[in-house]
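Enquirer: Quick one, fold the following:
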Amino acid sequence: MINIREAQQQDMKAVLGLITELAIYEKEPEAVMITEQDLITHGFSEGRFDCFVAEHRDAGVIGMALYYPRYSTWKGPTLHLEDLYVKPEFRQSGIGKQLFDAIIKVAAKQNVGRMEWTVLGWNDPALNFYNKYNASIDPKWHLGTLTREQLAKYK
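Expert: Residues are numbered from 1 along each chain as shown. Below is the predicted model of the structure:
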């Protein structure tokens with residue numbers, strides 16, 4: 001039995017574990033810098049993100065979808081899905097779809113101009129998943145970033 005529900009503060013230890021698993025899968029295990037307390041503060045005190053978790057009756061939290069609002073100068077309000085992750089042993093059972101559908105419902109309810117996310121070009125399972133929704137995966141746009149260390153140079 002799987003229950004999809006809004007995450008609570010006490011879920012953040014499990015969510016951090018899932019974020020770490022995802023970083024390992026994406027070949028960036030050292031990239032996770034946040035702590036459980038950061039997630040609690042950013043998500044529940046500061047309201048910077050929302051999150052759904054998939055909870056298995058016996059195994060606890062086994063999946064998550066973390067998202068937040070953005071603004072597009074072209075489309076207006078936007079919902080950004082940061083991470084969607086399900087533990088490998090629970091994949092192919094519809095849990096990712098349940099989590100993704102929960103986010104879609106939020107986006108539809110908020111009447112956003114678009115819902116967006118990024119996906120690595122080599123992540124065929126994820127690309128195949130999103131293609132089932134007839135999602136547009138735009139190969140022309142590249143994600144640009146500046147790290148905290150790079151930003152510190154401008155203080």
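Enquirer: use CA for all of it now, contacts and neighbours both
Expert: Noted.
Enquirer: Buried residues, the longest strand along the chain. List them.
Expert: As assigned by DSSP state E, the longest strand anywhere in the chain is strand 60-72. Neighbour counts over strand 60-72 (16 or more other Cα atoms under 10 Å) mark 61, 62, 63, 64, 65, 66, 67, 69 as buried.
Enquirer: Distance from the chain centre to that strand, please.
Expert: 4 Å (Cα atoms, centre = their mean, to the nearest Å).
Enquirer: Could you look up the next helix or strand downstream of it?
Expert: Of the helices and strands lying after strand 60-72 in sequence (DSSP states H and E), the nearest is strand 76-86.
Enquirer: Which secondary structure elements does that next one sit against?
Expert: helix 12-25, strand 60-72, helix 95-110, strand 114-116 (3 or more Cα pairs under 8 Å, 6 or more residues apart in numbering; DSSP states H and E).
Enquirer: want to try TSV for the ones you listed, with mean pLDDT as columns?
Expert: Shown next, in TSV, are the helices and strands packed on strand 76-86 (pLDDT from 0 to 100):
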stretch	mean pLDDT
helix 12-25	98
strand 60-72	97
helix 95-110	97
strand 114-116	95
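Enquirer: Out of those, the one nearest residue 2 is which?
Expert: Judged by Cα to Cα, the one of the helices and strands packed on strand 76-86 that comes nearest to residue 2 is helix 95-110, at 7.8 Å.
Enquirer: hmm, back to that, just put the helices and strands packed on strand 76-86 in JSON lines and tack on distance to residue 128.
Expert: Below are those laid out as JSON lines (distance: least, Cα to Cα, whole Å):
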{"stretch": "helix 12-25", "distance to residue 128": "17"}
{"stretch": "strand 60-72", "distance to residue 128": "18"}
{"stretch": "helix 95-110", "distance to residue 128": "12"}
{"stretch": "strand 114-116", "distance to residue 128": "16"}
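Enquirer: Report the contact partners of residue 84.
Expert: 63, 64, 65, 66, 96, 99, 100 (Cα atoms under 8 Å, 6 or more residues apart in numbering).
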